[in-house]
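1. have a look; sequence and predicted model below, questions after that.
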Amino acid sequence: MTSSILTGFAIALATVFVMEGVAYTVHRYVMHGIGWSLHRSHHRPRSGPFEANDAFGLMFAALSLALILRSTWREWPYWIGIGMALYGLLYALLHDGLVHRRFPFVHAPRRGYLLRLIKAHHIHHAVRTREGAVSFGFLYAPPVEALAKRVRQRLRD
Ligand SMILES: [Zn+2]
Ligand SMILES: [Zn+2]
């Protein structure tokens, strides 16, 4: 039981942060591991509106929806579901919209966090194979120069 709606909001917000860690881990060890047959589509040019990799997003969306539908707002799983949905929204907006331009995204950042996020993710896509990629986060981007150096090194050897 959560005592108040405020506790709920706090759980949802914490979930958004935790989800970046979950997404990083899943991206690094599952998508670039046993799930590569699905994720590979995301490291190739897209031929239609969808790609096999979208299955991962749908799985997380289904989990989030199940948590929300199977509990009431007075229970913590509900707020974890809300946090997951929020993370999914940010992921869709920033990863699919801003970085990959899968839908018209008006804002074209010239500096700051958003530009760094775009650059860092393009560095992830510089490697088109299962192994050797860097920068697995979706909302957090490490400093771009360091990433670029690492990926250049890996592509060389
Ligand atoms: Zn990847
Ligand atoms: Zn991507």
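-> Received the coordinates, thanks. All of these numbers come straight from a predicted model, not from anything done at the bench. Ligands and ions are numbered 1, 2, ... in the order given.

2. show me the contacts for Ser135.
-> By CB atoms under 8 Å, 6 or more residues apart in numbering, the contact list for Ser135 reads 120-121, 123-124, 141-142, 147. For the C-beta atoms, the positions are set from N, CA and C on the backbone; glycine is no exception.

3. quick check: phi and psi at it.
-> Torsion angles at Ser135 (phi, psi; degrees, to the nearest 10) stand at phi 60, psi 80.

4. quick one on the thing from earlier: pull out the buried members of the contacts of Ser135.
-> Among those, those classed as buried by 16 or more other CB atoms under 10 Å are 120-121, 123-124, 141, 147.

5. out of the contacts of Ser135, which are inside helices?
-> The helices, defined by DSSP state H, take in 120-121, 123-124, 147 from the contacts of Ser135.

6. what's the farthest-apart pair in those residues?
-> For these, the maximum inter-member distance is 9.9 Å, found between His121 and Leu147 (CB to CB).

7. find the centremost residue of the protein, please.
-> When CA atoms, centre = their mean is applied to the chain, the residue found nearest the centroid is Phe138 (3.9 Å).

8. tell me the contacts of the residue nearest to Arg154 when sequence neighbours are not counted?
-> Leaving out its chain neighbours, the residue that sits closest to Arg154 by CB to CB, 6 or more residues apart in numbering is Gly132, at 4.6 Å. By CB under 8 Å, 6+ apart, the contact set of Gly132 is 151, 154-155.
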